[in-house]
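S.K.: give the three-dimensional model of this entry:
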Amino acid sequence: MAIATSVSAQDATNNGNAPVNGPSTTSNSNNGTSSNNAKTLASMQVTANSAVSAIAPTQGSTIAAEPQSIIGSKYIEENIPPTGDYTDAIAISPSVYTIAPNGSGLMETQIASIRGFQDGQYNVTFDGIPWGDSNDFTHHSTSYFTNEDTSSVTVDRGPGTASTIGDATFGGTVSVESINPQDQFNIRPYISFGSWETAVEGARIDTGKLDSSGTSAVINVQNGESDGALTYAGQRRQNVFAKVVQPLGENTTLTFGGMWNKINQYVPLGATKAQIAEYGSNYALNNNPDSQSYYRYNQDQISTYMGYIGLHSEFDGWTIDNKAYTYAYNHFGYNGEDVNGNTPNGTDYSPDDVPGQHMRNWYRSWGDTFRMSKEIGPGEARAGVWYDDQDNLRWQYEFDDTLDLPNSPDGSLLGAADRIMTDSLRTLQPYLEYQWNITDSAWFIAGVKYDDFKRDIDAEVNQKTGLPLDYSKEWNATLPSASFHYAFTSNWTAYAQWAEGFLAPNLNLFYVPNPEFTDSALQPEKTTNSQLGTTWSSDRLTLSGDVYKIDFNNFIQSHKVGADTQFYNGGGVHYTGVELEGTYMLGGGFSVYANGSLNRAIQTDDNTWNPNTPHKTATLGFIYSNGPIYASLVDKFVGKTYYTANNNDDTVIGGYAITNFAASYTFDPHISDVKDFKIGVQLNNLFNNTTINALAGTTADGTPLYWTIPGRNFNFTVSADLF
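M.R.: As a prediction, this is how the structure comes out:
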């Protein structure tokens, strides 16, 4: 059997693409000439080659070194609407819950929690490239790749080994893998209609092998529009993704990947309980130009792109992989001064005019990921480095939305400025690790990663202080890791992991009059992870489970010293839990799927419950997959959460469940040049549960704002494979 480090669900025939996330990725074994040693990156098998593995909504890896849920293309294609994104896919996983109040992909996901770690506390990678906002490491879920661009998603619930890269290994990694070109020429147009006037049109084109050199390409073009589940919260989105794979001889492959995305959307900020009671659970924005909640005053205009060049080669026991990349985000945003709040109208021009804010956030990253490995002695040595440099421009001005003029006494932009700033983050992460193949059934991997990151800020008007600032600060951290993997039989494996994760300090450390008052010994936030797990996979059953204990320390907090804000390390959170997931084939095309978690997250300072951490999650689903017919009925339960650390009735969000149904039928329409015709339907939230499920924030006077579950909705999709 093949024994190797843990990998994601990237297609094992990855057209020569290299491991994209260190030991949490897939390597290609059918392009290249790896050695006969089966315990290397070049010859690994993520999951068993079985019928149950093909239809399981999530499953663990048979070669994992930490808890991992792999969501494959079958589940994504059949159960996630064409408007959806990676956060909709991971929502089914144990210990995960997400909040999408406007419907799948119809606004940015508001919460995506993994064991209580929030967006910004874990990495998200695309084809192995870490991406996100450098100020706080969060991710704009709707601003890059779509559901149709995605082949698989893997949730790694841990910091990985030394070769796991990213600024937020603190809480784990969500690995998104893109679609790969097919071997045969094909055009697949698709169209989808759904609730809230939702419509999606698109087409995927695969060139097949163009010539004797093996060149192949895929492109997906998509346009979508929707009014959204919430009032006056419409969205329009265009997306293009393309990938070209060029073999260079027998052992080397060159890959070009790129995407472009554009969004125009009206953005709600939640509703008070009083508004929900008066206007309904779907209340968000209105159509009154005299209101700060007027939808045209609250909108985003966002355009993004991402591109990379990847080179992968295997020869004489060596594996070399390199990806050079760039991505950019350009966001113009507009909002009322206090949407849903009690702040009265009034500007410097008129007591009746509507006050608002106009902002821009632009950033661009350039970077490179380099990896190499070599069989040495009784195992494999691996080394690499990740470099990323992101430049960022941010400004925000107070505006009179009625007149569309800067809201300042002299009418100037500078007088209306809340912030005018540029900043940058430079990250350098070299690593070294060794996998010792102890026996044919066991291996041990140990390594260390060094992280060095530097922030620079040049602000004419600094955020929060309103003062100018020119400052820079450099931090570093050394992160060791160790893991052990053992195969009891060919289909039963287990692992143990100890590793440190980290989170680079947030840009808000500089939002003070004098950052030099910050303690010079301030350290990045860290987690120490101890995890045990096991995976079983056979022809009819895939089952995995784990227990974990995570200590979060170096919590960066602040206090006032005179007029100055100072930051310091103190406190943290203790996380413990147990997680299970599995699929069993009953026979006759029927399967049952279930997962569950018991989670505990207690803040060390005051022994209170950590915000946005459910006590438990559970999923139960029934699947029918037989030939051209697919159907699933899946219920996801999320236990109660607290939106602050104060455990009282006012801050508890009660547990809730959402039930979804999906079905599709593929057939030959006996039409010239049409190979297959597919019709599918998704009925979401069957029982129309529209209760409050999360805190959205507060108004200017501190009144809580809430999100609710989108009401019962559907998507109907038709696609065809031509030629």
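S.K.: can you give me the strands in the stretch 401-550 of the chain?
M.R.: For the stretch 401-550 of the chain, the strands defined by DSSP state E, counting those that start in this stretch occupy 405-406, 417-439, 442-461, 469-489, 492-503, 525-537, 541-553.
S.K.: distance to Gly307, mean pLDDT and mean neighbour count for those strands - can I get that in TSV?
M.R.: Glycine gets a C-beta too; all of them are placed from N, C-alpha and C. Formatted as TSV, the strands of the stretch 401-550 of the chain follow (distance: least, C-beta to C-beta, whole Å; pLDDT from 0 to 100; neighbours: other C-beta atoms under 10 Å):
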stretch	distance to Gly307	mean pLDDT	mean neighbour count
strand 405-406	36	96	18
strand 417-439	19	96	19
strand 442-461	24	95	19
strand 469-489	29	93	17
strand 492-503	27	92	22
strand 525-537	31	92	21
strand 541-553	35	94	21
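S.K.: which among these is found nearest to Phe170?
M.R.: strand 492-503 (3.8 Å; C-beta to C-beta).
S.K.: reformat the strands of the stretch 401-550 of the chain as JSON lines; add distance to Ser151.
M.R.: As requested, the strands of the stretch 401-550 of the chain are arranged in JSON lines below (distance: least, C-beta to C-beta, whole Å):
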{"stretch": "strand 405-406", "distance to Ser151": "47"}
{"stretch": "strand 417-439", "distance to Ser151": "26"}
{"stretch": "strand 442-461", "distance to Ser151": "27"}
{"stretch": "strand 469-489", "distance to Ser151": "25"}
{"stretch": "strand 492-503", "distance to Ser151": "24"}
{"stretch": "strand 525-537", "distance to Ser151": "20"}
{"stretch": "strand 541-553", "distance to Ser151": "19"}
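S.K.: what's the closest of the ones you listed to Ile191?
M.R.: Using C-beta to C-beta, the strands of the stretch 401-550 of the chain put strand 541-553 closest to Ile191, at 34.0 Å.
S.K.: show me where the stretch 251-400 of the chain has strands.
M.R.: Using DSSP E, counting those that start in this stretch, the strands of the stretch 251-400 of the chain run over residues 252-266, 299-315, 318-336, 355-376, 379-400.
S.K.: Throw these into JSON lines and include mean pLDDT, thanks.
M.R.: What follows is the strands of the stretch 251-400 of the chain, written out as JSON lines (pLDDT from 0 to 100):
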{"stretch": "strand 252-266", "mean pLDDT": "97"}
{"stretch": "strand 299-315", "mean pLDDT": "96"}
{"stretch": "strand 318-336", "mean pLDDT": "97"}
{"stretch": "strand 355-376", "mean pLDDT": "96"}
{"stretch": "strand 379-400", "mean pLDDT": "97"}
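S.K.: where does pLDDT dip in the protein?
M.R.: 1-49, 517-522, 557-570, 644-650 (pLDDT under 70).
S.K.: check contacts around the residue nearest the centre of it.
M.R.: With distances taken as C-alpha atoms, centre = their mean, Val124 lies nearest the centre of the chain, 4.7 Å away. Contact partners of Val124, counting by C-beta atoms under 8 Å, 6 or more residues apart in numbering, are Tyr86, Pro130, Trp131, Gly132, His139, Thr173, Val174, Val176.
S.K.: quick one: which of those sit in helices?
M.R.: Under the assignment DSSP state H, these contribute Tyr86 to helices.
S.K.: widest-spaced pair of the contacts of Val124?
M.R.: Going by C-beta to C-beta, the pair spanning the contacts of Val124 furthest: Tyr86 and Pro130, at 14.0 Å.
S.K.: Glu201 belongs to a strand?
M.R.: Yes. Glu201: assigned to a strand according to DSSP: H, G, I helix; E, B strand; the rest coil.
S.K.: hmm, Gln222 and it touching each other?
M.R.: Yes. Counting by C-beta atoms under 8 Å, Gln222 is a contact partner of Glu201 at 7.4 Å.
S.K.: quick one: closest of the strands of the stretch 401-550 of the chain to Gly384.
M.R.: Among those, strand 417-439 sits nearest to Gly384 (C-beta to C-beta), with 5.8 Å.
S.K.: what pairs with the closest one, parallel or antiparallel?
M.R.: For strand 417-439, the paired strands and their directions (DSSP bridges) read strand 379-400 (antiparallel), strand 442-461 (antiparallel).
S.K.: let's have those strands in CSV, adding distance to Tyr665.
M.R.: What follows is the strands paired with strand 417-439, written out as CSV (distance: least, C-beta to C-beta, whole Å):
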stretch, distance to Tyr665
strand 379-400, 45
strand 442-461, 45
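S.K.: and of those strands, who's closest to Asp183?
M.R.: Asp183 lies closest, by C-beta to C-beta, to one member of those: strand 379-400, at 30.2 Å.
S.K.: now the closest one: buried residues?
M.R.: Buried residues in strand 379-400, counted by 16 or more other C-beta atoms under 10 Å: 379-380, 382-392, 394-400.
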